[in-house]
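Visitor: Below: sequence and its predicted model.
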Amino acid sequence: MGITSALAAQFGQMLLVLALAPALTGLTRKMKARLQRRIGPPIFQPYRDLRRLFNKDVVLADNSSWLFRVAPYLIFAATWVAAALVPTFQTGLLFSWAGDLIAIVALLGAARFVQAVAALDTGTSFGGIGASREIMIAALAEPAMIMVVFTVALVAGSTQLSTIAAFMADTGGLRVSLAMALVALIIVALAENARIPVDNPSTHLEVTMVHEAMVLEYSGRHLAMIELAASLKLLLYISIIACIFFPFGLITDGAGLSAHAISLAAYLLKVTAASLLLATLETVIAKMRVFRVPNLLGVALMLGLLGTLLLFVSGGM
Amino acid sequence: MSPSPLAFDIAHMFAGGLVLVSFMMLYQDRLLPLINVLSLHSLLLALSVAWQAHIQDKPDLYVTAVIALGFKSIVIPMALRRMVVRMELHREVEVAVGTGMTMLLGIGLVALSMDLMLRVTAGANALVREDVALALSVVLLGLLMMVTRRNAISQVIGFMSIENGLILGGAGARGMPLVVEISVAFSVLVAFIVIGIFLFRIRERFDTVDLQALDRFRGEHR
Amino acid sequence: MPIVLACVAGLLAVSALSLPLLRHRAATAAVYSACLAISLVLCAAAVLSIGQADSETVLPLGLPWLGAHIRLDPLAYAFLAIVNFGAASASLYAIGYGRHEAEPARVLPFYPAFLAAMNLVVIADDAYSFLFAWELMSLASWALVMARHHAAKTAYAGLVYLIMASFGTFALLFAFGLLAGAHGDYAFDAIRAHHLSPGLAGLALVLAVVGAGSKAGLVPLHVWLPLAHPAAPSHVSALMSGVMTKVAIYAFIRVTFDLMGAPAWWWSLPALLLGGATAAIGVLYALMETDLKRVLAYSTIENVGIIFIAIGLALAFKASGLPGAAALALTAALFHSLNHMLFKSTLFFGAGSVIVATGEQDMERLGGLIHRMPISSAAFLAASMAISALPPFNGFASEWLIFQSILVSPQLPRMGLKLLVPAVGVLLALAAALAAACFVRAFGATYLGRPRTTAAGEAREADRWSLAAMLTCATLCLLTGLFPGIVIDWLQPAVTVLVAGQMPPQAAIPWLSIVPISASRSSYNGFLLFAFVAVSASFAAVVVHRFASRMVRKAPFWDCGYPGLGVVAQYSATSLAQPIRRVFATVAFAAHEQAEMPPPGDLRPASLRRFLRDPVWHFMYAPVASAVGASATLLNHVQFFTIRRYLSFVFVALIVLLVVLALWG
């Protein structure tokens, strides 16, 4: 088997997620608008936004440091690499063994660390409020995610996403632990991506912002990088959920062209469905008060732990 | 006879789901959604018992399932809902012991019951073992709910979830003879009496309780 | 062997020679350079000879019938390397930093003695030499803590440290007494040959946990650590946090894995439970603190907790007959010890440079230092990311190994352990996430934003020596994170000796990945991830700058149209931690706030007070302290008796003893 085709698959996937991510954001916004009986911006509006932002000047705060200028690229790169490690329509990618699920979570954590630090760089209150809330949310969301990883890894006997997907496709059964892990993972995904009910991606009210407050000082190409990273992160979480819990249609390396087409179509279908569900969820529920969020994330953490504990019962021993 | 893997998985799924819904009860601090959760709890119980009836081939268990479905999942929640609306309790937010703390305790209880039950029932078949372990968890969680709640209606709901746990255990263990069904129906009756008594007490003391709660809730956190 | 002994003797000689030199101006540079050279030699010797056969010798020192047994085995080599690398970097740092010392005479003689004592603990092979070296280490470090004796806090810190250190030594003394048995010999060989009944083994285990744990900072024996570590000069703080806690961990590993023989499953319980609690509570303490060095000291407590979790897992696996998994967990523990030495040294060096540059160590009075101290801020940032367990740094590699060994836990036969280990996993994950929060806060409040005081605004970058030390350690944080396989392979001889198993050799794995169990199960490649991130980031930057805009305009930051926001309007360290304080500390520390708003027209300023209660101090130490105080007041009367009454006391005591003897016989 040629290494060139494996390389092509790997880089193809990297470009695919990069190209697809803004469309996902646009699609979600469109569906949300339609559900609220608005017309909404076109699906491809995020691409136009990005292009416009890329061509604008950057307005830097007077007292910003080198960190502030480097951070957007680091955030983008870490998120992109994490997204490249998640199987979208094909498992067993060339570099998928470079990092397992824990490494993916940690890469996203590194991106978040850089983002929170950059938010503090200018010394405004917005950056501070965003960063302080973000680290509070992360302090609960990350352990919850680790517990989800534990549950899934104990079921599949591996933390490699490719192996997990293969296991789930072959022998996945109904397991209550997995259901709990799924619910917990969805809560974590909502929190990590700053979606309702944890944060509102379209808010501009200072006291309710988390993610938007952190990036308030950013403009031009820097803001574009961060927005792109946010879209990538949403796509990444949807891909993780799809590949662990709905692994149908995934192909392994070396499949034929028609198989590629089918699996790609299946992937797009899954992403569309997830986007529709997300839009529905964001339409029917309201944003929580900031200090209710820990309760919700606590639930995710407990579900993850409970899922792990229940595995010992279903194992029969 | 050991059950097929799929049958086991489905039974496990239902029973585990029941534990999950018990946790939802612990988390939910508003009354109307809590009642919805109770009816979901009973629905899951009905499904679980029906599945047990199917795999154990015991038709009398279907009766239990139907009772659970009819009474506990539909009639009682409807009655409770009417009561809450009539007494204008539906805006009330329960000031429980902190949710996080309760959930933590709950996890501890589940771990405890598993450790205990899996050790005690070491010889039995896997289906029975997991059913009994999960049933004990549901019972303990229901008790925890009754301990941590102040509101009478949520205490009744906790009580009902305890009963659901008992039925789950009974159905999983051997399948109860119909005689026991009568006692179950009897306990439903008891529950109604309890509701009635609490109802009077609430009506008497409603104002004071409400005001205290409001006072304490003025700050954002507790 | 001769090299090691010669080096230790050299350190002691430097300590003695420094006395006549104290008045000399070049004394600081001379002493630290000598320590640097000797430590480097020791470190190199340890790194190179870890795979060699054990060598032992008996020196005619110490107790006449016992002598001083010295033994070098792979575990000793591993810790010798950790100790001496930390010592070398601290000495390098101190060549520059030490010049700012007000009273070098209070530091210079004790510093080499401290280094020598830590080395002696690691190579000692009998209980007497071990305890002697241990006590020497405690006293030398106590003297170093007391170097700044003018500060009121220092005296208190020194007192608490002295009490806790003697308490810990006592516990270890009794532990060795139990291990040696009634007629036992105190050489470690004899102790190994002696087997204890389960009850006595449990008691010895508890004593070892208390003795080693109090030195390492295990909750609830940690109270002295956040007082004493920050009170010392910063290079000594780095040594105490990064290295001395590792010596304590060495003592625990030596006793439980080596001296006590085959473990029972419940030996893992104290390490797992206390380790989990220590990790979570330590980092919560750190988040409540605003003194930069105290934040770092509390974070040391957290990392000690993480290492103890890994040790507990290793004990559980070893007792359950899973040598492969035990090797994985123990490797993770040793690897994290090494990593913690690296990043905690960097962080303390950074804090020391901040203190030298500004004279402040309260984060509420710092800020904006990234502009004035770019290089040391970069090193501090790298170490912050490493300690927060973020890839591609080394902290992530070792915590990843711990997570992997937690995932092996379903193979444990005991149900209780099976249920306990995931719960400890939650605590570990929580500690890692909170550590990230803690260091966002520490780095952000210290180095970012606008300077909160004029001193912070006029800071100057640290000197060359300090920068060299910081950059060396920070680079090693990155390198050991990129190529963890090399470190893992290097540690294997030590692990094999202790658990009779080892991890698969990592050098054989292509592309420099690490694989703890098998490739289909999990693998991690820090280098590749780092390369990918670096390449994509530069690629993105180049593409954007080439094909899109590269224009930059400077403007004031967004102030909501409310000009003249002073520097105090920034988020401070306290306010950054407010959400976490509210979520986690309300229960743990009984944290609450009291806002006082004067009515309109009143000229008093509004105030917000924050209350915290240290539960450990409140419930464990305060009662003991007040009991001691009360009994001291009672006994105070005894001081004012007449001679005749004193004599009668002695007489009565004598008679009572004789009567007891008569009845006993």
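Guide: Now that the structure is in, tell me what you want to look at. From a predicted model like this one, the values you see are computed outputs, not experimental measurements.

Visitor: from here on, contacts and neighbour counts on C-alpha atoms
Guide: Noted.

Visitor: list the helices and strands the helix or strand harbouring B:N36 packs on?
Guide: Using DSSP states H and E, B:N36 maps to helix B:31-56. Applying 3 or more C-alpha pairs under 8 Å, 6 or more residues apart in numbering or on different chains; DSSP states H and E, we find helix B:31-56 packed against helix B:5-27, helix B:60-67, helix B:76-86, helix B:152-173.

Visitor: and the residue of the stretch 101-250 of chain A nearest chain C?
Guide: Residue nearest to chain C within the stretch 101-250 of chain A (C-alpha to the nearest C-alpha): A:G123, separated by 3.7 Å.

Visitor: and residue 137, how many residues sit next to it?
Guide: In the absence of a named chain, this looks at chain A. Residues near A:I137, counting by other C-alpha atoms under 10 Å in any protein chain shown, number 26.

Visitor: wrong one, chain B
Guide: 28.

Visitor: Strands of the stretch 1-150 of chain C, start to end?
Guide: C:55-59, C:68-72 (DSSP state E, counting those that start in this stretch).

Visitor: Strand C:55-59 and the last one, what's the angle between them?
Guide: Computed by axes from the mean of the first three to the mean of the last three C-alpha atoms, to 10 degrees, the angle separating strand C:68-72 from strand C:55-59 equals 160 degrees.

Visitor: Might you report the residue contacts of the residue of chain A found nearest chain B?
Guide: Going by C-alpha to the nearest C-alpha, chain B is nearest to A:V176 of chain A, at 4.6 Å. With contact taken as C-alpha atoms under 8 Å, 6 or more residues apart in numbering or on different chains, A:V176 is in contact with A:G307, A:L310, B:H12, B:M13, B:F14, B:G16, B:G17.

Visitor: do the same with C:V424
Guide: By C-alpha under 8 Å, 6+ apart, the neighbours of C:V424 are C:L272, C:L273, C:G276, C:I309.

Visitor: Could you dump those into CSV and include distance to C:V421, secondary structure and pLDDT?
Guide: Shown next, in CSV, are the contacts of C:V424 (distance: C-alpha to C-alpha, whole Å; DSSP: H, G, I helix; E, B strand; the rest coil; pLDDT from 0 to 100):
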residue, distance to C:V421, secondary structure, pLDDT
C:L272, 8, helix, 95
C:L273, 9, helix, 95
C:G276, 10, helix, 95
C:I309, 9, helix, 96
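
Visitor: Can you lay out these as a markdown table showing distance to chain B and neighbour count?
Guide: Formatted as a markdown table, the contacts of C:V424 follow (distance: C-alpha to the nearest C-alpha, whole Å; neighbours: other C-alpha atoms under 10 Å in any protein chain shown):
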| residue | distance to chain B | neighbour count |
| --- | --- | --- |
| C:L272 | 17 | 29 |
| C:L273 | 15 | 19 |
| C:G276 | 16 | 32 |
| C:I309 | 20 | 35 |
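
Visitor: burial of residue 157, as a residue count?
Guide: Since you didn't name a chain, this refers to chain A. Neighbours around A:G157, by other C-alpha under 10 Å: 18.

Visitor: Can you look at chain C instead?
Guide: By other C-alpha under 10 Å, the residues close to C:A157 number 23.

Visitor: Check the one 4 residues further on too.
Guide: For C:Y161, the neighbour count with other C-alpha under 10 Å is 26.

Visitor: ditto for the one 10 residues further on
Guide: Burial of C:A171, expressed as a neighbour count using other C-alpha under 10 Å, amounts to 21.

Visitor: what ranges do the helices span in the stretch 501-650 of chain C?
Guide: When assigned using DSSP state H, counting those that start in this stretch, the helices of the stretch 501-650 of chain C occupy the ranges C:526-547, C:573-576, C:578-580, C:586-588, C:615-616, C:622-636, C:643-664.

Visitor: Please list all residues in contact with the residue lying closest to C:L63 once chain neighbours are set aside.
Guide: Computed as C-alpha to C-alpha, 6 or more residues apart in numbering or on different chains, the closest residue to C:L63 that is not its neighbour in sequence is C:Y128, at 7.8 Å. Contacts for C:Y128 were tallied using C-alpha under 8 Å, 6+ apart; they are C:G62, C:L63, C:A68, C:Y186.

Visitor: and of those, the nearest to chain A?
Guide: Using C-alpha to the nearest C-alpha, the shortest approach to chain A within those belongs to C:Y186, at 44.9 Å.

Visitor: weakest of the strands of the stretch 1-150 of chain C by average pLDDT?
Guide: Lowest mean pLDDT within the strands of the stretch 1-150 of chain C: strand C:55-59, a mean of 87.

Visitor: mind listing what's buried in it?
Guide: Neighbour-count burial for strand C:55-59, counted by 16 or more other C-alpha atoms under 10 Å in any protein chain shown, picks out no residue.

Visitor: who touches it?
Guide: Residues from elsewhere that reach strand C:55-59 (C-alpha under 8 Å, 6+ apart): C:M1, C:G67, C:A68, C:H69, C:I70, C:R71, C:L72, C:D73.

Visitor: wait, what's in contact with the residue lying closest to the residue of the stretch 101-250 of chain A closest to chain C once chain neighbours are set aside?
Guide: Nearest residue to A:G123, sequence neighbours excluded (C-alpha to C-alpha, 6+ apart): C:G449, at 3.7 Å. Applying C-alpha under 8 Å, 6+ apart to C:G449 gives the contacts A:N63, A:S64, A:L120, A:D121, A:T122, A:G123, A:T124, C:G367, C:G368, C:Q570.

Visitor: quick one: low-confidence ranges for chain C?
Guide: By pLDDT under 70, the low-scoring segments of chain C are C:665.

Visitor: Residue of it nearest chain A, please.
Guide: Residue of chain C nearest chain A, by C-alpha to the nearest C-alpha: C:G449 (3.7 Å).

Visitor: would you say that residue is within a helix?
Guide: No. C:G449: not assigned to a helix; according to DSSP: H, G, I helix; E, B strand; the rest coil it is coil.

Visitor: That one and chain B, how far apart?
Guide: As judged by C-alpha to the nearest C-alpha, to the nearest Å, C:G449 and chain B stand 30 Å apart.

Visitor: what about that residue, distance to C:L347?
Guide: 19 Å (C-alpha to C-alpha, to the nearest Å).

Visitor: A:M225: which element?
Guide: Following DSSP H and E, one finds A:M225 within helix A:220-245.

Visitor: what residues are up against the residue most central in space within chain C?
Guide: With distances taken as C-alpha atoms, centre = their mean, C:S241 lies nearest the centre of chain C, 3.7 Å away. Listed by C-alpha under 8 Å, 6+ apart, the contact partners of C:S241 are C:H229, C:A297, C:T300, C:M341, C:K344, C:S345.
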